[in-house]
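Asks: what shape does this take:
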Amino acid sequence: MNYPIVFYPKVIAHFCCQYSLVIKEENQVTLPPNGKEKSQVSKPIVVLSVEWFGLIWLLWLAGVIGLPLLAVSWGWSGIELLLLVAAYSCLMAASYTYLFGYRNQLLSQYQLQSNEHRKPEVYSNSLPQKTLINSEMRCKLLANLMKNRVNPIGRSSARQGVSEKEFMQDLQRYFPTVMQGLEFKIPRSKKCYSADFIILHHSSGIGIDVEVDEPYAGISKKPTHCWDDDSDYRRNQLFNEWSWIVVRFTEKQVVQAPLSCCKFIAQVIWEVTGERSYLELLESQPDLLPVKPWTIKEARQMAKQKYRQSYLLEQKNHK
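Replies: Reported below is the predicted structural model:
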């Protein structure tokens, strides 16, 4: 999966499967007979962060120091002591290898699961046509489904990304309902999630959470939004449960091709609601080029190479 990434709520994915979007010359939408819903979303896969694997080496170090002390107190010989330390080291190395391999297997399943559920199915024009509904009716049906969409509780105090101010101006040109920096309460927690931007489509009731992902923090240089860390996946899943579509761009895409990002959002609105008014304003813009997600290791390397500065300075010079 490459950026831009879209995660659709289960209720919207099922709706798009049942009321398949087939645009005809008269801008009608076709409902194929006996439309089947997609299968239920699989149980979320939790992938252990690589940072936790450092605990294994701490345990090994503690054992290498502690076991010899015990062996000496028991009166073991030097050879017996070496054999004990060697056996313990082999055990810890085998544990690390097994857990790391199992983690990679879970990561592959997580990537596959994300691909399977990131986009609603769109039927082709070759399917049998039985019931036709126009875009207005489609929006009314969606609005009824979106009545339970969770709303933000207020403004967020989270720090804005350096690229978000410029992107907000571009979003406002095409999506008048866009809002920035709103806060969502996390159930059973004192913490909140902050949305970079939210876009509301009033006639259908759908809401889009637009996120701008940087590979590392500007001050601390700590890796962020890494593919082998599942913190974003848990956040995406919660927003989907709240009936929000999640769209993720990279910071570089937002800086270098903001109007192409806007076009991508307009395409998402069209695919779900059938409304083309936003897309018609942006059809002349080029499609957004895909960007490969990064791992924790790659993000650290990016920080060393000052990767973000390469395009942020370019943005500053064009002002």
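
Asks: list the contacts of the helix or strand harbouring residue 166.
Replies: Residue 166 is part of helix 164-174, with elements assigned from DSSP states H and E. Helix 164-174 is contacted by residues 178, 180, 196-197, 199, 210, 212, 254-255, 258-259, 261-262, 265-266, 278, 281-282, 315 when judged by C-beta atoms under 8 Å, 6 or more residues apart in numbering. In short, each C-beta sits where N, CA and C put it, glycine included.

Asks: what residues are up against residue 189?
Replies: Contacts of residue 189 were listed using C-beta under 8 Å, 6+ apart, and none were found.

Asks: using the three-state scheme, assign it.
Replies: Put simply, residue 189 is coil when judged by DSSP: H, G, I helix; E, B strand; the rest coil.

Asks: returning to that earlier point: ok now the helix holding residue 166, how far from the chain's centre?
Replies: Distance of helix 164-174 from its chain centroid, counting by C-alpha atoms, centre = their mean, to the nearest Å, is 21 Å.

Asks: what is the mean pLDDT for that helix?
Replies: Taken as a whole, helix 164-174 carries a mean pLDDT of 95.

Asks: could you do stretch 233-248 as well?
Replies: Per-residue scores along stretch 233-248 average to 95.

Asks: what are the ranges of the helices in the protein?
Replies: 10-18, 54-73, 78-116, 135-145, 164-174, 231-241, 251-256, 258-273, 277-282, 296-304, 307-317 (DSSP state H).

Asks: for those, which one sits closest to residue 4?
Replies: helix 258-273 (5.3 Å; C-beta to C-beta).

Asks: still on that earlier bit, of all the helices of the chain, which one comes closest to residue 153?
Replies: With distances scored as C-beta to C-beta, the stretch of the helices of the chain nearest to residue 153 is helix 231-241 (14.1 Å).

Asks: which secondary structure elements does the closest one contact?
Replies: Where contact means 3 or more C-beta pairs under 8 Å, 6 or more residues apart in numbering; DSSP states H and E, helix 231-241 is packed against strand 5-7, strand 192-201, strand 244-250.

Asks: can you give me the buried ones in the last one?
Replies: Looking back up the chat, that one is strand 244-250. 244, 245, 246, 247, 248, 249, 250 (16 or more other C-beta atoms under 10 Å).

Asks: closest one to residue 234 out of those, please.
Replies: residue 246 (11.9 Å).

Asks: residue 16 contacts residue 270, correct?
Replies: No. With contact defined as C-beta atoms under 8 Å, residue 16 does not count as touching residue 270 (11.6 Å).

Asks: of the two, who's got more company?
Replies: Higher neighbour count among residue 16 and residue 270: residue 16, with 24 against 18, using other C-beta atoms under 10 Å.

Asks: residue 239 versus residue 64, what's the distance?
Replies: From residue 64 over to residue 239 the distance is 45 Å, taken as C-beta to C-beta, to the nearest Å.

Asks: neighbour-wise, which of the two wins?
Replies: Taking neighbours as other C-beta under 10 Å, residue 64 and residue 239 compare with residue 239 leading, 22 against 13.

Asks: ok, now which ones touch that one?
Replies: Taking C-beta under 8 Å, 6+ apart, we find residue 239 in contact with 7, 184, 193, 209, 246.

Asks: of the residues you listed, which is the most crowded?
Replies: Going by other C-beta under 10 Å, residue 209 tops the contacts of residue 239 with 24 neighbours.

Asks: quick check: bridge partners of it?
Replies: residue 198, residue 246 (DSSP bridges).

Asks: now do the contacts for it.
Replies: 195, 196, 197, 198, 239, 244, 245, 246, 247.

Asks: roughly how far does it sit from residue 236?
Replies: Distance from residue 209 to residue 236, counting by C-beta to C-beta: 9 Å.
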